[in-house]
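Undergrad: Pasted the sequence and its predicted model underneath.
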Amino acid sequence: MPSNDTLRAMHRQMVRIRLFEETIQQSYFEGKLPAFDIAAGPVPGEMHLAAGQEPVAAGVCAHLRPSDTVTATHRPHHVALAHGMDMRRMAAEIFGKDTGLGHGKGGHMHLFDPATNFGCSGIIAEGMPGAVGAALAARKQGRDDIAVSFFGEGAANQGAFHESLNLAAVWKLGVVFVCEDNDWAISVPKAKSTAIASNADRAAAYGMPGVLIPDNDPVAVYEAAGEAVARARRGGGPSLIEVKTQRLLGHFEGDPQLYRTAEEMERLKATDALHIFERRLVDTGVLSEADAAEAWAAARAEVDDAIGFARTSPYPQPSDALLHVFA
């Protein structure tokens, strides 16, 4: 069980992630309506937000060091923030500004941060082999740093999933594979794309522990991740954790979500893990109502500062188009 200090820190982390995602959503739709224009506004292009999946990021990353490697998906903001990425520089990258992590050239699906050993990609399952490589590098360098690969349930049907789990197990590498199962691979339900109910069961085929967290509970995620991270650090090899989480928003912003029923949308609102967790902490005395309000106020100030920084930062110069890229 996490300490009260850890519970409060996890709550703060989840709150700041939620407010960041909600604020990015508001900024994203500027100039794009009433007829949705994906190229318009201060943040053009696709946008994939992680509201509802905060427990996975907060519960796992609470165990990590900045020197641990983390790879994520096209829906990366929650994990990036939980692993310590600078919110200002991330916001600037999303807005395409020169002060961003990639000088505005990567955008929100291709965040890269050497300071926290974080990378993500829009290619499904792409981060999994990279996490295996990072764990191998740590071993070769005599470090007990580990790698964590976050991926969606749709990625578990990709070849890279099986190749990565197999190689990590063969070499007994310090990797924690974290499957964020939000039920939908874009608009395809898991039951129509995956032969088994739980991808955690696939761990047995590679001789590693597999754990299913069925209810998006940040404490359960924290406890499972603690065991997996400790196993990886002591040289015990990889683990697979699957979390049944929630995608409160569409696959992308502008997604009409016609594949979801009204009943499902109401259920998601009623089972929002962030608000359930906050109420649980208040009811058990870990947080006071004033503490909770202070966490939201502090996060609001941090997010507003980051978005303000992004909006007022300069765009990269056209003459810099070929800088910071592979030729």
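TA: Ah, there it is.

Undergrad: Residue 83 and residue 71 touch, don't they?
TA: No: judged on Cβ atoms under 8 Å, residue 83 makes no contact with residue 71 at a distance of 10.3 Å. Glycine gets a C-beta too; all of them are placed from N, C-alpha and C.

Undergrad: what touches both of those two?
TA: With contacts taken as Cβ atoms under 8 Å, 6 or more residues apart in numbering, residue 83 and residue 71 have residue 118 as neighbours in common.

Undergrad: can you pull the pLDDT of residue 327?
TA: Looking at residue 327, its pLDDT is 62.

Undergrad: Helix or strand for the closest residue to residue 100 other than its chain neighbours, just tell me which one.
TA: In space, and not counting its chain neighbours, residue 100 is closest to residue 93: 3.0 Å by Cβ to Cβ, 6 or more residues apart in numbering. Applying DSSP states H and E as the criterion places residue 93 in helix 87-94.

Undergrad: List the contacts of the following helix or strand past that helix.
TA: Using DSSP H and E, the helix or strand that follows helix 87-94 in sequence is strand 112-113. With Cβ under 8 Å, 6+ apart as the test, strand 112-113 has contacts from 80, 85-86, 89-90, 101-102, 106, 118-120.

Undergrad: Can you give the strand pairings for the helix or strand that comes right after strand 112-113, parallel or anti for each?
TA: Per DSSP H and E, the first helix or strand lying C-terminal to strand 112-113 is strand 118-120. Sheet pairing for strand 118-120, assigned by DSSP bridges, gives strand 69-72 (parallel), strand 112-113 (antiparallel).

Undergrad: out of those, deepest packed?
TA: Mean neighbour count (mean count of other Cβ atoms under 10 Å) peaks for strand 69-72 among the strands paired with strand 118-120, with a mean of 28.

Undergrad: Point out where this protein drops to low pLDDT.
TA: Scanning the chain for pLDDT under 70 picks out 327.

Undergrad: Run through the helices of the protein in chain order.
TA: Along the chain, the segments classed as helices by DSSP state H run 4-28, 54-61, 77-82, 87-94, 127-140, 159-170, 218-233, 262-270, 273-283, 289-312.

Undergrad: how far does the helix holding residue 93 sit from the chain's center?
TA: Averaging C-alpha positions (Cα atoms, centre = their mean, to the nearest Å) puts helix 87-94 15 Å from its chain's average.

Undergrad: Equivalent analysis for stretch 173-188, please.
TA: 10 Å.

Undergrad: Buried residues, it. List them.
TA: Neighbour-count burial for stretch 173-188, counted by 16 or more other Cβ atoms under 10 Å, picks out 173-185.

Undergrad: repeat for stretch 183-203
TA: By 16+ other Cβ under 10 Å, the buried positions in stretch 183-203 come out as 183-185, 190, 194, 198-200, 202-203.

Undergrad: now residue 167: how far from residue 237?
TA: Going from residue 167 to residue 237 by Cβ to Cβ, to the nearest Å gives 11 Å.

Undergrad: Residues that sit against both of the two, list them.
TA: Counting by Cβ under 8 Å, 6+ apart, the common neighbours of residue 167 and residue 237 are residue 173.

Undergrad: was I right about residue 94 contacting residue 110?
TA: No: assessed by Cβ under 8 Å, residue 94 is found out of contact with residue 110, at 10.7 Å.

Undergrad: Pick out whichever of the two has more residues nearby.
TA: Legend: neighbour count by other Cβ atoms under 10 Å for residue 94 and residue 110, higher for residue 94 (28 against 17).

Undergrad: List the contacts of that one.
TA: Residue 94 neighbours (Cβ under 8 Å, 6+ apart): 24, 43, 100, 107-108, 310.

Undergrad: what do you get for residue 242?
TA: Counting by Cβ under 8 Å, 6+ apart, residue 242 touches 153, 178-179, 181, 198-200, 210-213.

Undergrad: May I see these arranged in a markdown table, with distance to residue 14 as well?
TA: Output for the contacts of residue 242, formatted as a markdown table (distance: Cβ to Cβ, whole Å):
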| residue | distance to residue 14 |
| --- | --- |
| 153 | 21 |
| 178 | 16 |
| 179 | 19 |
| 181 | 18 |
| 198 | 24 |
| 199 | 24 |
| 200 | 23 |
| 210 | 25 |
| 211 | 21 |
| 212 | 21 |
| 213 | 15 |
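
Undergrad: which among those residues gets closest to residue 159?
TA: Using Cβ to Cβ, residue 199 comes nearest to residue 159 of the contacts of residue 242, at 14.7 Å.

Undergrad: Check the spacing between the residue most central in space within the chain and residue 265 real quick.
TA: In the chain, the residue lying closest to the centroid (Cα atoms, centre = their mean) is residue 79, at 3.2 Å. According to Cβ to Cβ, residue 79 and residue 265 sit 24 Å apart.

Undergrad: now swap in residue 109 and tell me
TA: 25 Å.

Undergrad: the more surrounded of the two?
TA: Between residue 109 and residue 265, residue 109 has the larger neighbour count (other Cβ under 10 Å), namely 19 against 12.
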